[in-house]
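Engineer: Let me see the structure of the following:
(2 chains)
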Amino acid sequence: DSGVTQTPKHLITATGQRVTLRCSPRSGDLSVYWYQQSLDQGLQFLIQYYNGEERAKGNILERFSAQQFPDLHSELNLSSLELGDSALYFCASSVEQYFGPGTRLTVT
Amino acid sequence: AQSVTQLDSQVPVFEEAPVELRCNYSSSVSVYLFWYVQYPNQGLQLLLKYLSGSTLVESINGFEAEFNKSQTSFHLRKPSVHISDTAEYFCAVSVPRLGSGGYNKLIFGAGTRLAVHP
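Structural biologist: So this is what the prediction gives:
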């Protein structure tokens, strides 16, 4: 158990919809990283937050946004969903980047 | 920019045989190196990492990896594999960040699927 929690585990939604993925980092960790894992793109870094502030941005679409709250949990918002957004979304925390179990998003 | 190449997409091996999963990276600056393992329908688990110091790093379950700067490699080895080692293995690099703010992003290779057969 990495100590990183993610909810929900699975999410099935339709194209055009909006979803929110939630991540709680390990106790005391200030950093949260979001990654997307898909069959065609592999594991891609999306965005990093550190103590509430955006620290780095990767291949994150404009339809996607994230934030980190004062209690350090983070949310990844995906809007105007497309079939190609179907993927596993992971968050990680800590300097060594311990990963959560992921949220499997299926867009139909 | 940094990149990671995992030279084998799949590695089949018999139980109790040795295995090597190859990883090469490209970077103009020093990097940290990681191996992660992903079991079916699970998240990624950190297997081992190289930050500095001894170039040979070991995990608790018998894997080891050696950082070779001249060959820009970080190959993962195990002298005798078990059925339970069947999983996908990802090599990753990260550029060290000065000061606070956590580590920089991980850049992953495409993964190597290790299949251990009885």
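Engineer: Centre-most residue in the chain?
Structural biologist: With no chain named, the answer covers chain A. Central residue of chain A (Cα atoms, centre = their mean): residue A:34, 4.1 Å from the mean position.
Engineer: You answered for a different chain; I wanted chain B.
Structural biologist: residue B:35 (2.8 Å).
Engineer: What distance do you get for it to residue B:109?
Structural biologist: 10 Å (Cβ to Cβ, to the nearest Å). (Each C-beta comes from the backbone N, C-alpha and C, glycine too.)
Engineer: any shared contact partners between these two?
Structural biologist: Common contacts of residue B:35 and residue B:109 (Cβ atoms under 8 Å, 6 or more residues apart in numbering or on different chains): B:23, B:90-92.
Engineer: okay, those in JSON lines with pLDDT and secondary structure next?
Structural biologist: Shown next, in JSON lines, are those (pLDDT from 0 to 100; DSSP: H, G, I helix; E, B strand; the rest coil):
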{"residue": "B:23", "pLDDT": "97", "secondary structure": "strand"}
{"residue": "B:90", "pLDDT": "97", "secondary structure": "strand"}
{"residue": "B:91", "pLDDT": "97", "secondary structure": "strand"}
{"residue": "B:92", "pLDDT": "95", "secondary structure": "strand"}
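Engineer: so which of these also contact chain A?
Structural biologist: Counting by Cβ under 8 Å from any Cβ of the partner chain, B:90, B:92 from the shared contacts of residue B:35 and residue B:109 sit close to chain A.
Engineer: Tell me the strands beside the host helix or strand of residue B:5, with direction?
Structural biologist: Using DSSP states H and E, residue B:5 maps to strand B:3-6. Strand B:3-6 has its sheet partners listed here by DSSP bridges as strand B:23-26 (antiparallel).
Engineer: what comes up buried for the strand it pairs with?
Structural biologist: B:23-25 (16 or more other Cβ atoms under 10 Å in any protein chain shown).
Engineer: same check, this time on stretch B:42-53
Structural biologist: B:43-44, B:46-50.
Engineer: measure it end to end?
Structural biologist: 31 Å (Cα to Cα, to the nearest Å).
Engineer: same thing with stretch B:104-117?
Structural biologist: Start-to-end, stretch B:104-117 (Cα to Cα) is 37 Å.
Engineer: ok, that stretch near chain A or not?
Structural biologist: Yes - judged by Cβ under 8 Å from any Cβ, stretch B:104-117 comes into contact with chain A at B:104-111.
Engineer: Correct me if wrong: residue B:92 contacts residue B:108.
Structural biologist: Yes - under the criterion of Cβ atoms under 8 Å, residue B:92 makes contact with residue B:108 at 4.7 Å.
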